[in-house]
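1. Generate a structure from the sequence data that follows.
(one chain, ligands or ions: 1)
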Amino acid sequence: MDAPLTLTDVPCPDDVGTAEPPVAACPVGGCPADRTVLARTVLRVERARWDAPPGSAVTLTPRPVPTRPVGDLRADSTALRCAPGTRDVGVRAGYVDGRRVAVRLCAVPHLPSSGAESTASSRYHVPGARGRAVVNARISGAVRALVEAARREGLRLSANSSFRTMRHQRDLCREDPGCRRGDHTLVAPPGHSQHQLGVAVDFSGTRVTGGRSCDRRAEDPASRVWRFLRRHAARFGFRQYAAESWHWDALSAPGRCGDPVTPRRPRAASTPPAR
Ligand SMILES: [Zn+2]
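-> Next up is the predicted model:
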C-alpha cells in the first residue's frame with residue numbers, strides 16, 4: 001500500500017448506503033461487484049493514512065456486522081447505517097406507543113415480501129423496496145443474519161408484512177371488526193403496531209393463531225418455517241407474538257415468547273390477519 005493509488009469519483013453501486021461516509025469512490029473503470037469490497041478497503045486505508053500522524057502505522061479495525069438489534073429500538077434510527085448486505089431505502093415516519101419517531105428503513109435482499117409496502121402497485125408502497133421486506137436499520141443486521149442462517153439450512157424465508165405505514169395500519173383497523181370494537185389481539189390500534197416501527201416481520205409459511213400468553217402460544221410444528229424460528233429466532237433477538245405463529249418482533253412487549261418450547265399438537269390453520 002506504499003504506492004499512491006489512483007482513485008476517481010465514480011459513485012459505487014447502490015449497495016453503498018446514503019449514510020456512508022462521504023467520498024465513496026471506485027477504481028478507474030467503475031465498481032464490478034467482486035471489486036466493490038476491495039475498493040472500499042482501499043478507501044478506508046487511504047482515509048486512515050490521511051488521519052494518522054506522519055510516519056505512524058495504520059491499523060484497520062474490522063467493522064462488526066450486527067447480528068442482533070442495535071440500541072434503543074424505540075429511538076430515532078436515522079443516524080444509523082443499514083447493515084452490510086441490506087439496502088437503504090430512506091427515512092420514514094415510524095410509530096411506537098402512539099408516538100411518532102423517524103426511522104431509517106432497509107430492504108433485506110434475501111427476504112422477499114408480498115407485503116403492501118414492498119409491492120410497487122400498492123398505495124402503501126415504500127419506494128425502493130423492490131419486493132423485499134423493509135425493516136428498521138436497528139434490526140437490519142439481525143434480520144439479515146436470521147435469513148442467512150435459514151439459507152444455510154436450505155430454507156428460504158419470505159414475508160407477507162414488515163414495516164407498515166400509518167395509513168395502512170389505520171385502514172387495517174378500520175377493516176377489522178375486532179380492532180374497531182377495541183379487541184386488538186390480531187390487529188393493533190394505529191400507532192401501536194410493532195410493524196409501524198419496522199421491528200416486526202410476518203413470515204410466510206405458518207398460519208396458526210393462539211392465545212395472548214406464552215403458555216397458550218400459537219404453535220405450528222407442521223411448518224418448517226415455524227420450527228426454524230422457534231429454534232433460532234431468539235439468538236438474533238426476535239421473539240414470537242403468542243397469538244400469531246407468523247409474527248416475530250424485536251421489541252420487548254407483553255405476550256412475546258422467546259425461549260424455544262416443546263411443540264404441542266397442531267392447531268387449526270387460519271388466515272393471517274395483521275397484528
Ligand atoms: Zn405482524
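
2. can you tell me which strand in this structure is longest?
-> Using DSSP state E, we find that the single longest strand of the chain is strand 99-112.

3. what about that one, distance to the chain center?
-> Centre-to-centre, strand 99-112 and its host chain are 6 Å apart (Cα atoms, centre = their mean, to the nearest Å).

4. Neighbouring strands of that strand in the sheet, and parallel or not?
-> Strand 99-112 has the following strand partners under DSSP bridges: strand 87-96 (antiparallel), strand 132-136 (antiparallel).

5. Closest to the centroid, which residue in this protein?
-> By Cα atoms, centre = their mean, the chain has its centre lying nearest to residue 135, at 3.4 Å.

6. give me the number of residues near residue 149?
-> 18 (other Cβ atoms under 10 Å). Where C-beta positions appear, they are placed from N, C-alpha and C, glycine not excepted.

7. Assess the claim that it and residue 238 are in contact.
-> No - counting by Cβ atoms under 8 Å, residue 149 does not reach residue 238; the two are 11.4 Å apart.

8. The ion contacts on this protein?
-> Within reach of the ion by Cβ under 5 Å from the ion, the chain has these residues: 202, 247, 275.

9. So what touches the helix or strand hosting the first one?
-> Yep, that's residue 202 we're talking about. If you go by DSSP states H and E, residue 202 is part of strand 200-203. With contact meaning Cβ atoms under 8 Å, 6 or more residues apart in numbering, strand 200-203 is reached by 111, 115, 133, 135, 143, 157-162, 193-195, 225, 229, 238, 241, 244, 246-251, 272, 274-275.

10. Can you name the element that comes right after that strand?
-> helix 224-232.

11. Flag every buried residue along that next one.
-> Counting neighbours by 16 or more other Cβ atoms under 10 Å, one finds that the buried residues in helix 224-232 are 225-230, 232.

12. Check stretch 214-224 too.
-> Under the neighbour-count criterion of 16+ other Cβ under 10 Å, stretch 214-224 has 214, 217-221, 223 buried.

13. can you check stretch 233-244 too?
-> Under the neighbour-count criterion of 16+ other Cβ under 10 Å, stretch 233-244 has 233-234, 236-244 buried.

14. for stretch 109-129, same thing?
-> For stretch 109-129, a neighbour-count test (16+ other Cβ under 10 Å) marks 109-113, 115-119, 124-126, 128-129 as buried.

15. tell me the domain boundaries of the protein?
-> Domain assignment for the chain by automatic domain parsing gives 1-63, 87-257.

16. Of the ones you listed, which shows the lowest average pLDDT?
-> Between these, the one with the least mean pLDDT is domain 1-63; it has a mean of 54.

17. Run through the residues that contact the residue in the chain positioned nearest to the ion.
-> Closest residue of the chain to the ion, Cβ to the ion: residue 247 (3.5 Å). Shown in contact with residue 247 (Cβ under 8 Å, 6+ apart): 200-202, 240-241, 275.

18. which of those lies closest to residue 73?
-> residue 200 (10.6 Å; Cβ to Cβ).

19. Pull the number of nearby residues for the closest one.
-> So residue 200, with other Cβ under 10 Å, has 27 neighbours.

20. The one 10 residues further on now?
-> Taking other Cβ under 10 Å as the criterion, the count of residues near residue 210 is 23.

21. quick one, what contacts it?
-> 216-219, 242-245, 267.

22. so what's it closest to, chain neighbours aside?
-> residue 218 (3.1 Å; Cβ to Cβ, 6 or more residues apart in numbering).

23. got the contact list for that neighbour?
-> So, once contact is read as Cβ under 8 Å, 6+ apart, residue 218 ends up touching 208-211, 240, 242-245, 267.
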